[in-house]
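Participant: got a sequence here, can you build the structure:
(2 chains)
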2 protein chains.
Amino acid sequence: MKSLVIVAHGSRRQASNDEVRELSSRIESLTGESFDQVKTAFLELAEPSIPGGIEQCIEKGAKEIIVLPYFLSAGRHVTEDIPGEVDMVRNKYPEVSIKITPYLGTIDKIADLMVEQANQAS
Amino acid sequence: MKSLVIVAHGSRRQASNDEVRELSSRIESLTGESFDQVKTAFLELAEPSIPGGIEQCIEKGAKEIIVLPYFLSAGRHVTEDIPGEVDMVRNKYPEVSIKITPYLGTIDKIADLMVEQANQAS
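Facilitator: Predicted coordinates:
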C-alpha cells in the first residue's frame, strides 16, 4: 500500500491550510492507482504534523510513503526541518519506505503554467 | 510595450532569491512575443522592491504590466501587501496599465505536476 503526503508550511490563517487540504484532495482524485491515499501534513501551526500525517498513513497500512514538500524555495524548512521530521518516523518504522521528492519549486513546468497565467491576464 | 513582473516574498538567503530570478529568466525565454521583458521583484528582504521592479519596466517603456505573485496561499501578503505596493506605482503612473494575476497557488494544473513529481519518485 502506497501513500502520498503533501507537506505544507502551515499557517495561522485556517483558510490557507484548507487550501492545501483541497489541493491534496484534488491530487488524490488524479493519482489513479498509483497511490492508495493522499494526506496533507504541516511543518507547523496546523495539524497533522509531518510525523503525525505519515503515521496516519502507516496505521492505514502504507508500506511505501512519498513526501512532497509544497514549498517554493530550498530554505531551512526544506533542507533541514522536513528531513528531520521524516527521520523521526523512519527511526520508529524502519520497515516502511519513506522518500522525500524535490520540493514544488524545482518542477520546471511551473514556468510554463506561469506563462499561461500571465497570457490569460493580458 | 508589455512587461511581466514575477513577485516573490524575498529571503535573507540569497540562493532563494536567485532561484526566483532564474525562474524569471526561464519564463522570459518562454513568453515569446507576448512580453517584451520579464522582471523579478520582491516584497521584502531583496531587491528590487515591487514598486522598484515595476518602475524599471516603465523606464524601459512598458505601457502594460502584468504582476504575477509567486505565492502559494492567499495570506496577507497576497491580499493586502502586494496590491498596496502596486497601487503606489499606479498612482504615480496613471497612464500605465498594471494588472495583478491570481497567485501561483490558484493554478489548477499545479496538481497535475505534483502527481507527476510523486510518480517519478515512487
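Participant: and the lengthiest helix in chain A, what other elements does it pack with?
Facilitator: Scanning chain A for the helix with the most residues, using DSSP state H, yields helix A:14-30. Contact here means 3 or more C-beta pairs under 8 Å, 6 or more residues apart in numbering or on different chains; DSSP states H and E; on that basis helix A:14-30 packs against strand A:2-8, strand A:37-42, helix B:110-121. For glycine as for every other residue, the C-beta is placed from the backbone atoms N, C-alpha and C.
Participant: average pLDDT for the longest one?
Facilitator: Along helix B:110-121, the predicted local confidence has a mean pLDDT of 97.
Participant: in chain A, which helix or strand is least confident?
Facilitator: Of all the helices and strands that make up chain A, the one with the lowest confidence by mean pLDDT, DSSP states H and E is helix A:76; it has a mean of 90.
Participant: in stretch A:2-14, what counts as buried?
Facilitator: By neighbour count, with 16 or more other C-beta atoms under 10 Å in any protein chain shown as the criterion, the buried positions of stretch A:2-14 are A:Lys2, A:Ser3, A:Leu4, A:Val5, A:Ile6, A:Val7, A:Ala8, A:His9, A:Gly10, A:Ser11, A:Arg13.
Participant: helix or strand: which one has A:Ile65?
Facilitator: Remark: A:Ile65 resides in strand A:64-69, with elements defined by DSSP states H and E.
Participant: that strand pairs with which strands, parallel or anti?
Facilitator: Note on strand A:64-69: by DSSP bridges, its sheet partners are strand A:2-8 (parallel), strand A:97-100 (parallel).
Participant: pipe those strands into JSON lines and attach distance to A:Ile27 and mean pLDDT per row.
Facilitator: JSON lines is the format used below for the strands paired with strand A:64-69 (distance: least, C-beta to C-beta, whole Å; pLDDT from 0 to 100):
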{"stretch": "strand A:2-8", "distance to A:Ile27": "7", "mean pLDDT": "98"}
{"stretch": "strand A:97-100", "distance to A:Ile27": "16", "mean pLDDT": "98"}
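Participant: right, I'll leave it there.
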